[in-house]
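In: Any chance you can model this:
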Amino acid sequence: HHSSVAIVVGWWSPANRQLPTGLVYWRGSCRTGYVSMKRLIFLLLLSTSALADWRVVREGVEYQRVVRGSVDAHVVRVNLRAADLRVIATDRQHRGLTVSDFARRTHAIVAINGDYFTEKMDTIGMAMGACGVWAKAKKSRSEPLIAIGARRVEVEYFMKPRSWMTGAVAGWPLLIDGCAVKKPLPGSDAFTRTPHARTAVGVTKDGTRLLLVTTRRATLPELAQFLASLGACNAVNLDGGSSTSMWLDGALLPGSASGAVANHLAVVASSDYSGCQQTERKSRQ
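Out: Reported below is the predicted structural model:
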């Protein structure tokens, strides 16, 4: 007599009847009353290793260094439902700071570089901070936005800020749209299909996890596939090369650039979020 056995390692939510990302599922046939103990131990160790690779920086923020094929990446996973966390973007009066300077100024837990920019430190796409849309930002239909709000981040094409948005960072190109990796990705061979240092942002299908990624060297197709493997359903590439930088828990991570960039995206404690500083904005106008 043969029967089937299913082994699930982790937690199951009866509410959505789906296995969470990162869990191991195996179904196979076995003799009645007998399951291979070696197989079970292997699966347990595999799942435990996958879950243990994430280092908790603070509640709601996890980090992992991933080396997979030619991709060597720093990955931060943020729980957007955590009440004591806030995702922010740069106000225009703070443009041109290095990622580390912006992180120190905002007491960021994690911070990355943002959009492509001009010599005058104006962004190519739309930019928005707590004080509103940058007056000189070039609004481009070809640049998708990372739209930021309270406990909410979306990667979409927005020509005008929505009422719920408190920040925005543009990028190019869109890597994943509706859980499908974009093929082919636009750009020249030198830009798209040549390995470079890269920065990218993704959001999971249920909208509860924000993924921040920097790589030492990757092509755009490699980066897109990598983000998809992390569970990103929508993702966009940001400025890379000498701009690629990630600050985490008080320091720049290895391989990060130290130069100034136009804008930034960061995660801060809600208690450190002060919104738009009206007096500072007026003094700089």
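
In: where do the helices sit along this protein?
Out: 37-52, 99-106, 189-192, 220-229, 278-284 (DSSP state H).

In: For the second one, which helices and strands make contact with it?
Out: With contacts defined as 3 or more CB pairs under 8 Å, 6 or more residues apart in numbering; DSSP states H and E, helix 99-106 has these neighbours: strand 110-113, strand 246-248, strand 264-269. To be clear about C-beta, it is placed using only N, CA and C from the backbone, and glycine gets the same treatment.

In: Now mean pLDDT, distance to residue 75 and mean neighbour count too, for these, in JSON lines please.
Out: Below are these laid out as JSON lines (pLDDT from 0 to 100; distance: least, CB to CB, whole Å; neighbours: other CB atoms under 10 Å):
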{"stretch": "strand 110-113", "mean pLDDT": "98", "distance to residue 75": "11", "mean neighbour count": "29"}
{"stretch": "strand 246-248", "mean pLDDT": "98", "distance to residue 75": "9", "mean neighbour count": "24"}
{"stretch": "strand 264-269", "mean pLDDT": "98", "distance to residue 75": "14", "mean neighbour count": "24"}
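
In: which one of those lies closest to residue 149?
Out: strand 264-269 (13.2 Å; CB to CB).

In: Make JSON lines from the helices and strands packed on helix 99-106 and add distance to residue 188 to it.
Out: Below are the helices and strands packed on helix 99-106 laid out as JSON lines (distance: least, CB to CB, whole Å):
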{"stretch": "strand 110-113", "distance to residue 188": "21"}
{"stretch": "strand 246-248", "distance to residue 188": "26"}
{"stretch": "strand 264-269", "distance to residue 188": "26"}
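
In: Would you mind confirming that residue 165 makes contact with residue 128?
Out: Yes: using CB atoms under 8 Å, residue 165 is in contact with residue 128, at 6.6 Å.

In: which residues of the protein score low on pLDDT?
Out: In the predicted model of the chain, residues 1-52, 139-141, 278-285 satisfy pLDDT under 70.

In: same thing but at 50, please
Out: 1-35, 38-51, 280-285 (pLDDT under 50).

In: check contacts around residue 181.
Out: Neighbouring residues of residue 181 by CB atoms under 8 Å, 6 or more residues apart in numbering: 175, 221, 224-225, 228.

In: any idea which of the residues you listed has the most stuff around it?
Out: residue 175 (28 neighbours; other CB atoms under 10 Å).

In: in the sheet, who's paired with residue 180?
Out: On the basis of DSSP bridges, residue 180 is bridged to residue 177.

In: ok, it - how many residues close by?
Out: Count around residue 180 with other CB under 10 Å applied: 10.

In: Looking at the contacts of residue 181, which one is closest to residue 157?
Out: residue 175 (13.8 Å).

In: Assess the claim that that closest one and residue 182 are in contact.
Out: Yes: with contact defined as CB under 8 Å, residue 175 counts as touching residue 182 (6.0 Å).

In: what's the overlap in contacts for those two?
Out: By CB under 8 Å, 6+ apart, the residues touching both residue 175 and residue 182 are residue 224.

In: Just to check, residue 228 is in contact with residue 176?
Out: Yes: Residue 228 is in contact with residue 176 according to CB under 8 Å; the separation is 5.8 Å.

In: which residues are common contacts for the two?
Out: Common contacts of residue 228 and residue 176 (CB under 8 Å, 6+ apart): residue 235.

In: Any idea which of the helices and strands packed on helix 99-106 gets closest to residue 160?
Out: strand 264-269 (20.0 Å).

In: quick check, nearest of the contacts of residue 181 to residue 209?
Out: residue 228 (13.6 Å).

In: Distance check, the closest residue to that closest one other than its chain neighbours against residue 218.
Out: Counting by CB to CB, 6 or more residues apart in numbering, residue 228 lies nearest to residue 181, which is 5.4 Å off, once chain neighbours are set aside. Computed as CB to CB, to the nearest Å, the residue 181 to residue 218 distance reads 14 Å.
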